[in-house]
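Peer 1: The following block contains a protein sequence and its predicted model.
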Amino acid sequence: MKYKIIHTLLLIAISCKAWSQEKVTLSGIINMKTSTETIIGASIFIPEAKVSTVTNAYGYYAVTLPKGAYTIVITCIGFESIEEHISLTKNLKKDFSMAEKSKTLDEVVVKYNSSASNIRKPEMSVNKLSIATIRKMPAVMGEVDILKAVLQLPGVSTAQEGATGFNVRGGSVDGNLILLDEAVIYNTSHLFGFLSVFNADVIKDLKLYKGGIPANFGGRTSSVLDIYQKEGNNKSYHVTGGIGAISSRLLAEGPIVKDKGSFVVAGRTSYAHLFMKLANNPNSISFYDLNAKLNYKFNDNNRIFLSGYFGKDKMDFSNFFSNNYSNSFFNLRWNHNFSDKLFSNASVIYSKYDYGLKIKYVGIDWTSNIRNYNLKYDFTHQLSDKLALNYGINSIYYQFNPGTIKPMDAKSPVNPDQIEKKYAWENALYVSADQKLSDKISLVYGLRYSYFLRLGEQHVNTYDKNQAVVFNPQLQIYEQGTPTGVTLYNKNEKIIGFGNLEPRLAVSYAINNNQSIKASYNRMSQYIHLISNTASVSPLDIWAPSDQYLKPEILDQFAFGYFRNFNNDKYSLETEAFYKKIQNKADYIDGAELIAQKAIEQVLLNGEARAYGLELMAKKNTGKLTGWLSYTLSKAEQRTPGRNAEEPGINNGQWYRANYDKTHNLSLTGAYQFTRKWSFGGIFTYQTGKAATYPIGKYQYQGITVANYGVRNANSLPAYHHLDLSATYTPKPDSKKRWKGEWVFSIYNVYGRNNAASLMFEQNRETGVSEAKRISIFGIIPGVTYNFKF
């Protein structure tokens, strides 16, 4: 009898405990209250369970909890926080709508430490910028710019004045994977890098990964800049625009079917070339771009998106040359919920980059392009409140056109030619786990496997000893090798293949809710390369796939950091140290000719690169004055030793400064809300000058003075620095009318610093003295823009 009673009580106790620990899932979408635009990176915090998560790239969240009553706290920069009490007795789908913060000078009272989730997350070497933050920064020519904001982050620099693209942690420009709605953007600049191709009006969110890069990203060795466009307002129609001194823009959005589907279309164009014509200036420079996106929600489990972009730059310099380049892409995506715990996204993407040059006095018309077809399928699987999986596949087919050469007219001596096209296929699969081991320790770990195939149709040169570059022992120089034969590979026939395992690991240890230490490691492979001997992207540069001579770059990066929030998140501090090493870094022999080069393997050798440094970022997050100070102390080097004992290698096989090495990089960014009508912004930037090679002497050869240069990149251009200021005036901030407007006044380079784009060395014809001339591009540039929306 006693046994039966005890057995029954045990069964009841076990049953009660099992019921109390039974898990249910809370999931849904977080969007904007006024437009139902989904919000990326919103933080969901459940204080009773000490559980947190963030919305994914489509605004979706899922969290698994034991049955019970909870407080749901939702926060996101630029939005009013949400606090709601709910009772979870079964799986629940619940969407939340967040209201944008109004312009107010009052302090925000924070009840819960919402950033505790960011402190505890193992995510590091990542910077997220909201459009609300970017809009407070100084405008260039009256227009805020996405890449100008990115350049103010620690570890990010620009090669020089007028350079396009950016460098991250001592990496090359082509090492950045830049995505707009998941599509690759190959050139990010308008007007020689003065503006970017990203129209801020249509951008919703951006995130820069410098290290600890998740396993779903691959194909580059430096960073990932992940940008998403708006989806459009599905409740009402709106128009936003701006009229500036050299360019204007217009955006329209609204519902296709109310609360079901929406569209957004944005255009931007410059008209400086019209002013040049009025001033009888024979030169011309202009750009335009167009963004578009449609989405439709069939039901709670299915939604489709169609997005696209097209942008073009045109430059014409009198009788010398003309240049144009363009980016374009289309992307069709399908979001599907298999269950409350399993979310998927399938994408089909087409991207293309065209670039061309006409040299008028030679009579040559040269065009090139790269295009890719991309298929990807990604899954997010919430297994429990402590473990979530991300996994998927990716397949990209590349077509490279290194150059089509045509005569400009019948008088041109140029013969038509087509440099042989190249083809490649890159595939990858990955799995990643986000796991909470305890209240203090969290992990993100994963593995990516990538496989790259070079495909025909192509004629491939063969060389003696498989060396396309030969060393001349008499002259002590490297020279182009002479092919000993040619192998023809038929269409889609395998030329060579490369496979690489790419492990990823990040761990965080929370000392308390306000401070943590984090560490990460990631290996990445890069199979396509920008063939360039300049420090930045040029429209003339050529993308080329890896082959038996141009090997894939392999990156190993380690990072360690300390993170802390102060005074209830009013202030924050981030410090990180990093070390990265790259195998098979391409290096060019002295005197390499890259343009229209039919056998690029004849002018390059494979070497190695390394970079290491310390990053600091201190932020003030609330109050009238907000902003941040970022500083990076770093070193980026490259080395290409000889292939045997008789060869010296490049630069005698010694480490030398990379073109994009910047020892010091300082940026101070501030925004001040003076009154409800007036706000001000300022940015001060200081960077060590770009690496350069100066002549150390000269000699006479047949009556001609020839410069004798020293070791590679032993010198530096003068330091790069400038101050930018802006003021925004909103005449009627409290107006209830649909039409709202503001004036933006800006000054780029306030004190007129003539930053050197390059130095030109020449001999003064009158005195015979050698001189160095600084070539600068931008001086003081004032701007004014009227922005409106209705």
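Peer 2: That came through fine.
Peer 1: CA atoms for contacts and neighbours, from now on please.
Peer 2: Noted.
Peer 1: the helices in the chain, which residues?
Peer 2: Under the criterion DSSP state H, the chain carries helices at the ranges 2-20, 116-120, 131-135, 146-150, 272-278.
Peer 1: Mean pLDDT lowest where, among these?
Peer 2: For the helices of the chain, mean pLDDT drops lowest on helix 2-20, to a mean of 42.
Peer 1: Next, count neighbours for the residue lying closest to residue 42 once chain neighbours are set aside.
Peer 2: Distances taken as CA to CA, 6 or more residues apart in numbering place residue 76 nearest to residue 42, at 4.9 Å, with adjacent residues excluded. Using other CA atoms under 10 Å, residue 76 has 20 other residues around it.
Peer 1: residue contacts, residue 76?
Peer 2: The contact partners of residue 76, taken as CA atoms under 8 Å, 6 or more residues apart in numbering, are 41, 42, 43.
Peer 1: so where is the stretch 651-790 of the chain shaky, pLDDT-wise?
Peer 2: Across the stretch 651-790 of the chain, nothing is flagged by pLDDT under 70.
Peer 1: hmm, I was thinking of the chain
Peer 2: Residues of the chain that meet the cut-off, pLDDT under 70, sit at 1-21, 102-117, 139-142, 162-164, 275-280, 533-541, 595-596.
Peer 1: rerun at 50
Peer 2: Along the chain, segments meeting pLDDT under 50 span 1-20, 104-114, 536-537.
Peer 1: Specify the beta-bridge partners of the residue most central in space within it.
Peer 2: The centroid of the chain falls nearest to residue 225 when counting by CA atoms, centre = their mean (2.3 Å). Taking DSSP bridges as the rule, residue 225 bridges to residue 178, residue 208.
Peer 1: Repeat that for residue 143.
Peer 2: For residue 143, the beta-bridge partners are residue 140 (DSSP bridges).
Peer 1: Just give me the neighbour total for it.
Peer 2: Per other CA under 10 Å, the neighbour tally for residue 143 reads 28.
Peer 1: residues of the top strand by length along the chain that come out buried?
Peer 2: Longest strand of the chain, by residue count under DSSP state E: strand 387-407. Neighbour counts over strand 387-407 (16 or more other CA atoms under 10 Å) mark 387-407 as buried.
Peer 1: Stretch 716-732 too?
Peer 2: Of the residues in stretch 716-732, 716-718, 720-730 count as buried by neighbour count, 16+ other CA under 10 Å.
Peer 1: Out of these, which sit inside strands?
Peer 2: Among the buried residues of stretch 716-732, DSSP E puts 716, 720, 721, 722, 723, 724, 725, 726, 727, 728, 729 in strands.
Peer 1: thought the fourth one was touching residue 685?
Peer 2: By that I understand residue 722. Yes - the criterion here is CA atoms under 8 Å, and residue 722 meets it with residue 685 at 5.6 Å.
Peer 1: hang on, the earlier thing: distance to residue 154 and neighbour count added to the contacts of residue 76, as JSON lines?
Peer 2: Output for these, formatted as JSON lines (distance: CA to CA, whole Å; neighbours: other CA atoms under 10 Å):
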{"residue": "41", "distance to residue 154": "21", "neighbour count": "24"}
{"residue": "42", "distance to residue 154": "23", "neighbour count": "23"}
{"residue": "43", "distance to residue 154": "24", "neighbour count": "22"}
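Peer 1: What separation do you get for residue 761 and residue 712?
Peer 2: 16 Å (CA to CA, to the nearest Å).
Peer 1: packing partners for the longest strand of the chain?
Peer 2: Strand 387-407 sits against strand 364-382, strand 417-418, strand 422-436, strand 542-545, with contacts defined as 3 or more CA pairs under 8 Å, 6 or more residues apart in numbering; DSSP states H and E.
Peer 1: So which of those is nearest residue 670?
Peer 2: Residue 670 lies closest, by CA to CA, to one member of these: strand 422-436, at 34.7 Å.
Peer 1: relative orientation of the closest one and strand 387-407 in degrees?
Peer 2: If you take axes from the mean of the first three to the mean of the last three CA atoms, to 10 degrees, strand 422-436 sits at 160 degrees to strand 387-407.
Peer 1: what residues does strand 422-436 touch?
Peer 2: Strand 422-436 has contacts (CA under 8 Å, 6+ apart) with 214-216, 386-402, 442-458, 544-545.
Peer 1: Then stretch 555-572?
Peer 2: Stretch 555-572 is contacted by residues 110, 113, 115, 119, 124-125, 211-212, 221, 514-525, 573-583, 618-622 when judged by CA under 8 Å, 6+ apart.
Peer 1: That one: which residues count as buried?
Peer 2: Residues of stretch 555-572 classed as buried: 555-565, 569-572 (neighbour count, 16+ other CA under 10 Å).
Peer 1: just checking, which of the residues you listed belong to strands?
Peer 2: 555-565, 571-572.
Peer 1: show me the residues around residue 616 that make contact.
Peer 2: Contacts of residue 616 by CA under 8 Å, 6+ apart are 154, 573, 574, 575, 576, 629, 630, 631, 632.
Peer 1: can you check residue 255 too?
Peer 2: So residue 255 contacts 232, 233, 234, 235, 236, 237, 261, 262, 263 (CA under 8 Å, 6+ apart).
Peer 1: Report the spatially closest residue to residue 157, excluding sequence-adjacent ones.
Peer 2: If the residues on either side of it in the chain are set aside, residue 157 comes closest to residue 167, at 5.3 Å by CA to CA, 6+ apart.
Peer 1: for residue 61, same thing?
Peer 2: Spatial nearest neighbour of residue 61, chain neighbours left out: residue 55 (4.7 Å); criterion: CA to CA, 6+ apart.
Peer 1: Share the number of residues neighbouring the one you found, please.
Peer 2: Residues near residue 55, counting by other CA under 10 Å, number 20.
Peer 1: Relative to residue 698, how far out is it?
Peer 2: Distance of residue 55 to residue 698, computed by CA to CA: 62 Å.
Peer 1: And for residue 787?
Peer 2: As judged by CA to CA, residue 787 and residue 698 stand 56 Å apart.
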